[in-house]
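Q: here is my input, please return the structure:
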Amino acid sequence: MPSLTSFPPFPDNVPTHPLLVVDYTLLKAGDKDEISKLWKAATELGFWYLKNHGTDELVNQMFDMGAETMGLPLDEKMKFEQGDDGMSFGYKAAGANATDETGALDTVEFVNIAKDDALSWPTPTHRTYPMTVNARMEPTIIPFVKKSIEVNNTVLEIFNAQLGLPNGTLLRKHMLGEPSGSEARCIKNPPRPNGISEEKAALGAHTDFGSLSFLHNRLGGLQVMVPGTNEWQYIKPISGHAICNVGDALTIFSGGVLRSNLHRVVSPPGAQGYYERWSLVFFTRPGNSVALHALAEESSLVEEAMAKVQDTSVFQTNVTSAEWFARRIKNQRTKNQKGVETWRASRGTEHRPLAV
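A: Predicted coordinates:
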């Protein structure tokens, strides 16, 4: 099982970008220095490590669920395929998505479990899942989803205060009772074949769809494009540390104060590349009916940020969270590719056509 595998160390001869380490227990305690560190990370790079988050054992169990699910016969998994109409929940086979505007195929397979289906279990809100998911729903998936929501909601409350928004503004945009695109995703990427470059993208360059991403991985492969550069740098995995990042929705709500940064996934570097790469993410996304626009009327900080923006169109989307999410999912599907414009229609707040 992936939770028990021992891997080679991350190599020290590849370009790596350091992240600030934020302590979740200090955030919960309201420590001002730790909150300042989180704010610095979220407004500059948009990525940070999070330690003492309390989910390590659940993460191990989620990886076991992923291995059990990916081990099912393909025809069984395909009964739960997410489809080509813009729904994310369910199984995605390798090669079902494009990684760039040439139509190059991704190499990852994953299963997405909706927050709503976990919280409404055993009654489906959106769809049903493979037997391996159902067997783990109560002991593993529901506790992981609830803990991930707790962690991300704590961060949302801090961002709410730092932006000077009225109390509860961001949490009201992520109400548990409203259906949303929030989901847990367990991802498997196969070992790198001989002769294939480490730089071949498994998941193409993108900004995340929603508000916050809470990532757990054992091997390298995640890369960020540092603002002001055109170079990719690895994020080194650290045991017990989640990697967290801001998504498009918070960038839009904050008028660009919070940074949704370009990133991608390639094969793990060095000797790590000869192993399966497993990762687990919980994505927090706004409720489906929430309109995506800058909250300038509710925050002087956002208003000041918007006054400096030359092209305000990205912060005035005129769409709901559900529409934004479905557009991005649908237009990256391989079966929907009709050329460069389809791929570009799947992009987010910081798309660069040459960043693949």
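
Q: and residue 3, what's its pLDDT?
A: Model confidence at residue 3, given as pLDDT, is 56.

Q: helices of the stretch 201-350 of the chain, residue ranges please.
A: All helices of the stretch 201-350 of the chain, identified by DSSP state H, counting those that start in this stretch, fall at 248-253, 300-307, 321-332, 340-344.

Q: any idea how far residue 275 is from residue 221?
A: Distance of residue 275 to residue 221, computed by C-beta to C-beta, to the nearest Å: 11 Å. The way it works is simple: take the backbone N, C-alpha and C, and place the C-beta from them, glycine included.

Q: common neighbours of the two, please.
A: residue 268 (C-beta atoms under 8 Å, 6 or more residues apart in numbering).

Q: show me which of the two is the more surrounded one.
A: Taking other C-beta atoms under 10 Å, residue 275 and residue 221 do not tie; residue 221 has more neighbours (24 against 20).

Q: ranges for the strands of the protein?
A: 21-23, 47-51, 90-92, 109-114, 183-189, 201-206, 212-217, 222-225, 232-234, 242-246, 263-266, 277-284, 291-293, 316-320 (DSSP state E).

Q: what angle sits between the second one and strand 212-217?
A: Taking axes from the mean of the first three to the mean of the last three C-alpha atoms, to 10 degrees, one finds strand 47-51 and strand 212-217 inclined to each other by 70 degrees.

Q: and if you look at the fourth one?
A: In this structure, strand 109-114 runs at an angle of 140 degrees to strand 212-217, with the same axes, to 10 degrees as the basis.

Q: pull the CA atoms of strand 109-114 into CSV?
A: Taking C-alpha atoms only, strand 109-114 is exported to CSV below (Å, rounded to 0.1, in the frame of the first residue of the first chain):
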residue,chain,number,x,y,z
GLU,A,109,-5.8,8.4,-12.8
PHE,A,110,-7.8,9.6,-9.8
VAL,A,111,-11.0,9.3,-7.9
ASN,A,112,-12.8,12.4,-6.7
ILE,A,113,-15.3,12.1,-3.8
ALA,A,114,-17.7,15.0,-3.4
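
Q: parallel or antiparallel, list what pairs with that strand.
A: Next to strand 109-114 in the sheet, as set by DSSP bridges, lie strand 90-92 (antiparallel), strand 183-189 (antiparallel).

Q: please work out the average pLDDT along that strand.
A: What strand 109-114 shows for mean pLDDT is 98.

Q: contact partners of it?
A: 66, 69-70, 77, 80, 82, 88-94, 125-127, 129-130, 133, 141, 145, 182-188.
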